[in-house]
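Undergrad: Fold the following.
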Amino acid sequence: MLLFFASIAALLLGYAIYGKVVDKAFGCDPNRPTPACTMADGVDYVQMSPFKIYLVQLLNIAGLGPIFGPILGALYGPSALLWIVFGSIFAGAVHDYFSGMLSVRYNGASVPDVVGKNLGNGFKQFMRGFSILLLLLVGVVFVLGPAKLLTTLSGLSTPAWVAIIFAYYFLATIMPVDKIIGRLYPFFGAVLLFMAVGLAAAICLSDHHMIPQVTLDNLHPKGLPIWPLMFITIACGAISGFHATQSPMMARCLGNEKCGRSIFYGAMIGEGIIALIWATLGMSFYHDPAALNAALAKGGPAYVVNEVSTTLLGGFGGILAIIGVVILPITSGDTAFRSARLIIADFLSLEQKAPVRRLLISVPLFVVGFFISRTNFDVIWRYFGWANQTLAAIVLWAAAAYLIRNCKNHWIATVPATFMTAVVITYLAYDKIGFGLSLEVSTGIGIAAAVASLIAFFVAFRSCAVPAEETR
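TA: Okay, the predicted model is just below:
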């Protein structure tokens, strides 16, 4: 139990201390007008209260990742908790802060434009296609996941729930941001809070032994290596590139830059706490990783969510907790399609105030999404995991470029960018979705790629000149 509460405390201290370091390095300016004030359009640029923006941001980024990922990560043992804590503070929250605040500085620009302004036009064009592909994968993953959970609750078929969720996603994609997302998410946040706090309290008060095996040894029953697999498996609870596609939406609603730390850095810390709870549940509810693996074999993470929730909280409480878990992916899936619409609109310079123009982009998006949903879920999830962390690495390099060009402490972004580059290259070389090489060879390739990226970064940005557009 001590390890669990120490991990929670570390996340909160990380927000209070390191969050201020990041905010200072960026150069938050409370007197600078934000896009929500200067570009208000009543659809995407709509000023909202900081508390509401925080809840929307948290629900946008907290999809299945901080639940399914940590459950699977729990198979590795307590090392998963360390990755969640250190990943959230020094990588994930830094990534989310800069993806949001740089968007604020660039008039609410989407992630391809944020990256392009700092890493060049080549990266910008690559990011346009790459981010849209990732968002489609996210949208589909966050349709199939909740649909399967809802099937276990209602008995209604999974295809029927897929159709219902897609219909909701379509409305959330084309309606003004404050009409559905801005109104429903505070209520959803209350349900999410009950789910997280309720289950954490229940496991503490139960007769289950909290984290029975306190060791950094690899406990995975199948012997899967911690490096690099755990760093891909636990994404949204530590660092996730998907968040960079979501932050610009709330950047367009932020009324003052002084709220950036609490919203962007703080929401990632909140998601880290959710991930810690589920990783701890996976380690504590089941007496060892072999027992957890056996439960996963019966029906995957969705089965574990159902069994843990109903056992610890009873019938009614279990249903509420499962609804909370269903809401998480749905409130990320809808904004995934919305983000894709905004990225395409920015690329086409297609103003989005008129409903017909939103439909012009949204209808083809959902057609493509439907066909992707017919693919095997496990295959989609594996490719999503790699693409997700690759996007995170690129966004961190963009943040590092912004900082070094402005003669600021770039190491807060450079170090996690280098680390995540090693993770994604090693994974691509090692896993069967990539080249299937040995772990030793793959690790060597990953480290070499990370070092080469760091050298290229310093060569490209060896001069320390402040661009005029960033000094206004």
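
Undergrad: Just give the number of residues close to Cys28.
TA: Counted with other Cβ atoms under 10 Å, residues neighbouring Cys28 total 19. To be clear about C-beta, it is placed using only N, CA and C from the backbone, and glycine gets the same treatment.

Undergrad: actually Asn121, not the one I typed
TA: For Asn121, the count of nearby residues is 9 (other Cβ under 10 Å).

Undergrad: so what's Ala393 up against?
TA: Neighbouring residues of Ala393 by Cβ atoms under 8 Å, 6 or more residues apart in numbering: 241, 417, 420-421, 423-424.

Undergrad: Nearest to Gly73, out of those: which one, please.
TA: Compare each of the contacts of Ala393 with Gly73 using Cβ to Cβ and the shortest gap goes to Val423, at 13.9 Å.

Undergrad: For the helix or strand where the closest one lies, list the C-alpha coordinates in CSV.
TA: Val423 is part of helix 411-430 when elements are defined by DSSP states H and E. Provided in CSV are the C-alpha atoms of helix 411-430 (Å, rounded to 0.1, in the frame of the first residue of the first chain):
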residue,chain,number,x,y,z
TRP,A,411,16.7,19.6,-22.0
ILE,A,412,13.3,19.2,-20.4
ALA,A,413,12.1,18.1,-23.9
THR,A,414,15.3,16.9,-25.5
VAL,A,415,15.9,14.1,-22.9
PRO,A,416,12.4,12.5,-23.2
ALA,A,417,12.5,13.0,-27.0
THR,A,418,15.8,11.0,-27.2
PHE,A,419,14.4,8.3,-24.9
MET,A,420,11.2,7.9,-26.8
THR,A,421,13.1,7.7,-30.1
ALA,A,422,15.0,4.8,-28.7
VAL,A,423,11.8,3.1,-27.6
VAL,A,424,9.9,3.4,-30.9
ILE,A,425,12.9,2.4,-33.1
THR,A,426,13.7,-0.6,-30.9
TYR,A,427,10.1,-1.7,-30.9
LEU,A,428,9.8,-1.4,-34.7
ALA,A,429,13.0,-3.4,-35.1
TYR,A,430,12.0,-6.1,-32.5
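
Undergrad: Compute the mean per-residue pLDDT across it, please.
TA: Averaged across helix 411-430, pLDDT comes to 97.

Undergrad: what packs against that helix?
TA: The contact analysis (3 or more Cβ pairs under 8 Å, 6 or more residues apart in numbering; DSSP states H and E) places helix 411-430 against helix 2-26, helix 93-105, helix 226-233, helix 377-405, helix 439-460.

Undergrad: which of the ones you listed sits most buried?
TA: Most buried of the helices and strands packed on helix 411-430 by mean neighbour count (mean count of other Cβ atoms under 10 Å) is helix 93-105; its value is a mean of 28.

Undergrad: I would like the residues contacting whichever helix or strand comes after it, please.
TA: Per DSSP H and E, the first helix or strand lying C-terminal to helix 93-105 is helix 111-119. The contact list for helix 111-119 (Cβ under 8 Å, 6+ apart) reads 99, 102-103, 106, 109, 123-125, 127-128, 131, 244-245, 247-248, 343, 346-347, 391, 394-395, 397-399, 401-402, 405.
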